[in-house]
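Enquirer: fold the stuff below for me.
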Amino acid sequence: MREIPAGTTAPARAVPAPPPPAAGTDAAWVLVFACWLLAAAATLGALFFSEVMELPPCTLCWYQRIFMFPLVLLLPLGLFPFDGRVVRYTLPLAGGGWLISVFQLLLVWGVVPEALRPCTQGVPCSEVQIEWLGFVSIPLLSFVAFTLMVALLVAARGRIAR
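Expert: Presented below is the predicted three-dimensional model:
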C-alpha cells in the first residue's frame, strides 16, 4: 500500500461512467413513441367523431375507448426517461382493445351470429355510421390502430430483451 505524504489529499477515484444505452433501447424508444402517436391520433379521432360530428358511440366502441384512452397517458410516462417496463403495462391494454375490435369487425361483416350481439340498447354495434372509399369504417379504423399498436409494442419488447 502506498503512503500519502502529510498535507496532501488522496487522488480522487474515478467513478465509472454508466454504460451507454444499448442500441436496442433506442429502437425500442422510437417504437413506443410511435405507439403513443398512434394512440393519441386514435383518441383524438374517437373524440372528433363523438363530440364534433356528434356520432354516438356504440357499446363496443365504449369498451375500445376504455382500452385506448389510458394508453395516451401511460406510454409517455415510460418514455421520459425511457423505462422498458412500460411495454409490460400497455401491451395487455392494446391486446384487449384489439380483441374487442376484431369482434366488432366480425359483427359488422355479419360473421358473428345474431344471438351474440352485445348492443341491445342505443346505437347498434353492427351499424356502419361512416364509410369512406366504400370499405373504411370506424370499426376498421379501430382494428387497424390496435393492430399497429400491438405490433409496435411487441417489436419494442423484442428490442428491449436483446
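
Enquirer: buried ones in stretch 99-110, by neighbour count?
Expert: The neighbour-count check on stretch 99-110 (16 or more other Cβ atoms under 10 Å) flags 100-101, 103-105, 107-108 as buried. In this view, the C-beta of every residue, glycine as well, is placed from N, C-alpha and C.

Enquirer: same list, those residues, but as JSON lines with pLDDT please.
Expert: Output for the buried residues of stretch 99-110, formatted as JSON lines (pLDDT from 0 to 100):
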{"residue": "100", "pLDDT": "95"}
{"residue": "101", "pLDDT": "94"}
{"residue": "103", "pLDDT": "91"}
{"residue": "104", "pLDDT": "88"}
{"residue": "105", "pLDDT": "90"}
{"residue": "107", "pLDDT": "87"}
{"residue": "108", "pLDDT": "84"}
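
Enquirer: let's have those residues in a markdown table, adding secondary structure and distance to residue 57.
Expert: Listed next are those as a markdown table, based on DSSP: H, G, I helix; E, B strand; the rest coil; distance: Cβ to Cβ, whole Å:
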| residue | secondary structure | distance to residue 57 |
| --- | --- | --- |
| 100 | helix | 12 |
| 101 | helix | 13 |
| 103 | helix | 15 |
| 104 | helix | 11 |
| 105 | helix | 15 |
| 107 | helix | 14 |
| 108 | helix | 14 |
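
Enquirer: which of those residues sit farthest apart?
Expert: The largest separation in these, counting by Cβ to Cβ, is between 100 and 108 at 12.6 Å.

Enquirer: ranges for the helices of the chain?
Expert: Counting by DSSP state H, the segments of the chain that form helices are 23-47, 59-77, 86-108, 138-161.
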